[in-house]
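> Sequence plus the predicted model coming up.
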Amino acid sequence: MAKKRRNRGPRRAVVQVAPRAGGGLALEVNGVVQSVTVGERGPDDAGYWGLMIPPERPARALLLGLGGGTVAALLAKVYPGCEIVGIEREASVLATARAELGLDEIAGLRVVEADAFAWVGEHARSEPGTFDYIALDIYEGGRLVAGTLGTLFLREVATLLARDGWLAVNLTTTMRLPAQIQRVENVFALTDTRRLWGNVVLLLRPRDESPPLSAG
């Protein structure tokens, strides 16, 4: 007689900090590097995170998938005075980043512990067009979180983005990459594709005309 499987519930993330090759520290979640500390060379020595920095200084930035704060630290270094809102749902990631990576020391950063999908859905209606840079980097370990490239969610992100703003999206090289890029291009205008090892960073602008969000 077959044994019944136990419902083990969601897997708890294993978060740890390890030395980074070449110096500094790396924050790992389930064995996958999620964030690194930023050195003197800034974006030139920050892996794919350096590719996500926009070519123009943003006044207000939104980071969806803050992690340990690599992009936030780079923005603060490259564009001092930038106001940064970082959204991260994993309390253990935030606790580790605060204790070991100096997350709370990043100038201009306001950390929000929340689910990015719920936060974006709420704020797309309450403060549209108020961010001139948005970074989309929502991963669990090495996997893109389901729904990140959903049309409704991308439209909500577009609503938050200023008309002359920049969106940076981190993807990875898989068989699904062409379809993923197409999904993003259905909502945003692609201006640049940056590659480093297995990461593909898209830099995008809002399209001239975007369908309005449903009032419901």
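Received, thanks. Computed from a predicted model, the values in this text were never measured in an experiment.

> what comes into contact with the strand or helix carrying Arg205?
In this assignment (DSSP states H and E), Arg205 forms part of strand 199-206. For strand 199-206, contacts defined as Cβ atoms under 8 Å, 6 or more residues apart in numbering pick out 47-48, 51-52, 54-55, 158, 161-173, 177, 181, 184-185, 188-195. Bear in mind the C-beta positions are built from the backbone N, C-alpha and C, glycine included.

> Among the residues you listed, which lie within helices?
158, 177, 181, 184-185 (DSSP state H).

> I'd like those laid out as a markdown table, including pLDDT, neighbour count and distance to Leu64.
Shown next, in a markdown table, are those (pLDDT from 0 to 100; neighbours: other Cβ atoms under 10 Å; distance: Cβ to Cβ, whole Å):
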| residue | pLDDT | neighbour count | distance to Leu64 |
| --- | --- | --- | --- |
| Ala158 | 98 | 22 | 13 |
| Leu177 | 98 | 12 | 20 |
| Ile181 | 98 | 17 | 18 |
| Val184 | 98 | 20 | 13 |
| Glu185 | 98 | 13 | 18 |
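
> quick one: low-confidence ranges for the chain?
For the chain, applying pLDDT under 70 flags the ranges 1-11, 209-216.

> Please repeat the previous calculation with a cut-off of 80.
By pLDDT under 80, the low-scoring segments of the chain are 1-12, 22, 208-216.

> ranges for the strands of it?
15-19, 25-29, 32-36, 60-64, 83-88, 109-113, 131-136, 139-140, 143-144, 161-172, 188-196, 199-206 (DSSP state E).

> how about the most centrally placed residue in the chain, phi and psi?
The residue lying closest to the centre of the chain (Cα atoms, centre = their mean) is Asp137, at 2.7 Å. The phi/psi pair for Asp137 (degrees, to the nearest 10) reads phi -150, psi 60.

> I figured it hits Leu51, correct?
No: Asp137 is beyond contact range of Leu51, at 11.1 Å (criterion: Cβ atoms under 8 Å).

> Which neighbours do the two have in common?
Ala168.

> and the closest residue to Gln34 other than its chain neighbours, what is it in contact with?
Of all residues not flanking Gln34 in the chain, Gly67 sits nearest, at 4.5 Å (Cβ to Cβ, 6 or more residues apart in numbering). Applying Cβ under 8 Å, 6+ apart to Gly67 gives the contacts 27, 34-35, 88, 93, 97, 137.

> Now do Gly67 against Tyr48, distance only.
12 Å (Cβ to Cβ, to the nearest Å).

> and what of Leu103?
Distance from Leu103 to Tyr48, by Cβ to Cβ: 19 Å.

> of these two, who's got more company?
Leu103 (25 against 20; other Cβ atoms under 10 Å).

> Please identify the buried residues of stretch 60-70?
Under the neighbour-count criterion of 16 or more other Cβ atoms under 10 Å, stretch 60-70 has 60-70 buried.

> One more: stretch 133-147?
133-140, 144.

> Most widely separated two among the residues you listed?
Tyr133 and Glu140 (23.6 Å; Cβ to Cβ).

> follow-up on the earlier one: tabulate the ones in helices among the contacts of strand 199-206 (a markdown table), appending distance to Ala18.
Listed next are the ones in helices among the contacts of strand 199-206 as a markdown table, based on distance: Cβ to Cβ, whole Å:
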| residue | distance to Ala18 |
| --- | --- |
| Ala158 | 37 |
| Leu177 | 28 |
| Ile181 | 32 |
| Val184 | 32 |
| Glu185 | 36 |
